[in-house]
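Chemist: quick one, what's the 3D model for this:
(2 chains)
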Amino acid sequence: MQLEERYTLKKSNPAIKVLVYILLVIWAFINLFPIYFMFTFSLKSNEEIFGKNIIGLPKEWLWSNYVSAMKTGNMGLYFFNSVLVTVFSIAISIMAAMMATYALTRIKWKAAGFTNAFFMLGLTIPLQASIVPVYVVLSKLHWLNHYSTLIIPYSAFTLSMSILICTGFMVDIPYDLDEAARIDGCGLWGTFFRIIAPLLKPALSTIGIYAFLQCWNEFMFANVFISDSKHRTLPVGIKALSGQHTTDWGPIGAALVIATFPTLLVYIFLSRKIQDSFIAGAVKG
Amino acid sequence: MAENKTIQTKKSHKDFRKGLDIFLFLLPAILLFVGILIAPIIVSVYRSFQDWNGFSEGTFIGFENYKELFTNGSIKWMVALKNALILAFFSVFVQLPISLLLALLLGRKYKGERFFLSVYFMPVLISTVVIGQLWLKIYNPDYGLLNTALDALHLSDFKHVWVGEVETALGSVIVPTVWQYIGYHMLLMYAGVKGVSPDLREAAMIDGATNWQVDRYVVIPIIKPVIRTSVIFAVTGSLKTYDLVRILTEGGPFQTTEVPSTLLENMLFLRNRYGMGSTISVMLILLCFAFSLAISAAFKEKD
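Modeler: Take a look at the predicted model:
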């Protein structure tokens, strides 16, 4: 009886259901359109983009746009730079975070809680807070325009979030394991490297994804700290390219696609994992 | 007696060893964290009280920078602050309600829930620089989609040089910023909605509540902590905004779309006023903390 009632209640308003679907589809369209637009105009000539065929599929597929983005726009180099900076930043951040989290959660000492709270300050501190002194110190040391100029700050700024996510995973590992290892004669370092670190693989992908997006897309530090074209990352490279090619849209579109497709590719295969890493990052933050 | 002593030294030796291990485990994180975040902030606070060009010694001037920031109109601090607050307003009162609506709708188990969720979240993953470039193509006065569409609809009177006119520039920055992060807040809220036990929902339904009533009286009160987090992120994010302004308007026309972060950069590169730049940094930290605390307090009061 009750079940039937619920059934009627839920089904009572098919009009609203249709309306909701229309709304969801329109919003999906609004979110997909810019990406569709980007892919299509990256393959068009100015003639098509500027009037003949603004939003249709390209009539003539101009792959030469990609060639000129790579050649005159240097996108290949910027892509390589972005990969290099991102990979090293993530590696450093993860290593430092795992070690710190181990000391904070699995070794008993008095100030562990306080130290953890100290690291969590980083979640609310804006990037802007340190930019002036870091810039001055780096320029006095003649350390601007290196890969490490970006790698070190990036790993520092992703550190708090890495520790937060790591903590979530590490407290789930049973503490009996540590004791068993200790009885077998493993020291703290042995326990960490042989027992705990291998068990943190699921945490690695969550942290890695989060840090990847932060570093891959970061613009402010890259824009302020890097002035020579050799060490530019993709976001800064795109800004420079669009300054040169104000009238030639095709190569800019190609550059945008080059900068975006790794993210989209990963997202297609790991959408759930990526969403989970954002949720994990925000639940406590 | 002697035995006791050796045990004690052994113990203190062990303690020392443990302390050393803890220190070594924490060392990389501390070096990064203190070196890049904490120490620079302390230096920023110190330098914010100085007239300093970044390379000479700098002279102590007390609160002069702070005073000048608020009184010297040519620095445009009040303009920047106003813009950031306008953006915060739209984030909280336009962006978040849309996010909440989408999260609640998707929480009702419509077909294709995962697909919609994934599509709505996509803009969050794309670099703001790319998003900015795409919107520049939309706003372009001669060939942009927006003006072309207005022409096609015989609404040519409404055409604008969107990012170049004083009246429309700020709006042109706000629209993409608000749009891009709708999916982010939606995802957080959706996770909250999914966390609501299905039993509660069903119980309310059996009592005769409609879907809207369930959302209003059951789901929203439960996900309030998530909403609070979102409000904090939306406001502090607006205060920190930089990328889209730098790409779309460069703070122009006539510096009407400056935000705190673009001013900060101007102080370093256009004016060589590192002391004032530090002052802006410090103000940003203070504003972010103050707003976070105020929002948390406001949510507590409502309970």
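Chemist: just the element for the residue minimising distance to the centre of chain A, please.
Modeler: Centroid-nearest residue in chain A: A:Leu213, 0.7 Å away (criterion: CA atoms, centre = their mean). With elements taken from DSSP states H and E, the one containing A:Leu213 is helix A:201-217.
Chemist: check which helices and strands that helix sits against.
Modeler: Helices and strands touching helix A:201-217, by 3 or more CB pairs under 8 Å, 6 or more residues apart in numbering or on different chains; DSSP states H and E, are helix A:75-105, helix A:147-170, helix A:249-283. Backbone N, C-alpha and C define where each C-beta goes, glycine included.
Chemist: same thing but 10 Å
Modeler: Counting contacts by 3 or more CB pairs under 10 Å, 6 or more residues apart in numbering or on different chains; DSSP states H and E, helix A:201-217 is packed against helix A:75-105, helix A:147-170, helix A:234-244, helix A:249-283, helix B:113-125, helix B:128-139.
Chemist: of these, which is nearest B:Lys11?
Modeler: helix A:75-105 (20.5 Å; CB to CB).
Chemist: got the buried residues for the closest one?
Modeler: Buried positions in helix A:75-105, judged by neighbour count with 16 or more other CB atoms under 10 Å in any protein chain shown: A:75, A:78-79, A:81-82, A:85-86, A:88-90, A:92-94, A:96-105.
Chemist: list, out of those, those positioned next to chain B.
Modeler: Among the buried residues of helix A:75-105, proximity to chain B is found for A:82, A:92-93, A:96-104 (CB under 10 Å from any CB of the partner chain).
Chemist: dump the residue contacts of B:Cys288.
Modeler: A:124-126, A:128-129, B:232, B:235-237, B:239-240 (CB atoms under 10 Å, 6 or more residues apart in numbering or on different chains).
Chemist: tell me the secondary structure at it.
Modeler: helix (DSSP: H, G, I helix; E, B strand; the rest coil).
Chemist: so for A:Trp63, what's the pLDDT?
Modeler: Among the per-residue scores, A:Trp63 holds a pLDDT of 86.
Chemist: leaving out the residues flanking it, which one is nearest to it?
Modeler: Of all residues beyond its chain neighbours, the one nearest A:Trp63 is A:Leu43 (7.1 Å), with distances taken as CB to CB, 6 or more residues apart in numbering or on different chains.
Chemist: okay, now the unreliable bits of chain B?
Modeler: Chain B contains residues with pLDDT under 70 at B:1-8, B:302-303.
Chemist: which helix runs longest in it?
Modeler: As assigned by DSSP state H, the longest helix anywhere in chain B is helix B:2-33.
Chemist: residues contacting residue 194?
Modeler: As the question left the chain open, I've gone with chain A. Counted by CB under 10 Å, 6+ apart, A:Arg194 has contacts A:181, A:186.
Chemist: try chain B instead
Modeler: Contacts for B:Lys194 were tallied using CB under 10 Å, 6+ apart; they are A:279, B:103, B:106-107, B:109, B:113, B:223.
Chemist: I figured B:Arg246 hits A:Ser242, correct?
Modeler: No - B:Arg246 lies out of contact with A:Ser242 (CB atoms under 10 Å); the separation is 12.0 Å.
Chemist: mutual contacts of these two, please.
Modeler: Shared contacts of B:Arg246 and A:Ser242, defined by CB under 10 Å, 6+ apart, comprise B:129, B:132.
Chemist: show me what counts as buried in whichever strand or helix holds A:Ala181.
Modeler: Following DSSP H and E, one finds A:Ala181 within helix A:176-183. By 16+ other CB under 10 Å, the buried positions in helix A:176-183 come out as A:178, A:181.
Chemist: next one: stretch B:255-266
Modeler: B:255-266.
Chemist: columns secondary structure on top of these, output as CSV?
Modeler: CSV is the format used below for the buried residues of stretch B:255-266 (three-state DSSP):
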residue, secondary structure
B:Gln255, coil
B:Thr256, coil
B:Thr257, coil
B:Glu258, coil
B:Val259, coil
B:Pro260, helix
B:Ser261, helix
B:Thr262, helix
B:Leu263, helix
B:Leu264, helix
B:Glu265, helix
B:Asn266, helix
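Chemist: what residues are up against residue 100?
Modeler: Just so you know, I chose chain A. A:Ala100 is in contact with A:115-116, A:119, A:159, A:162-163, A:166-167, B:22, B:25-30, B:32-33, counting by CB under 10 Å, 6+ apart.
Chemist: switch to chain B, please.
Modeler: Listed by CB under 10 Å, 6+ apart, the contact set of B:Leu100 reads B:185-186, B:189-190, B:192-193, B:215, B:219-220, B:223, B:226-227, B:230.
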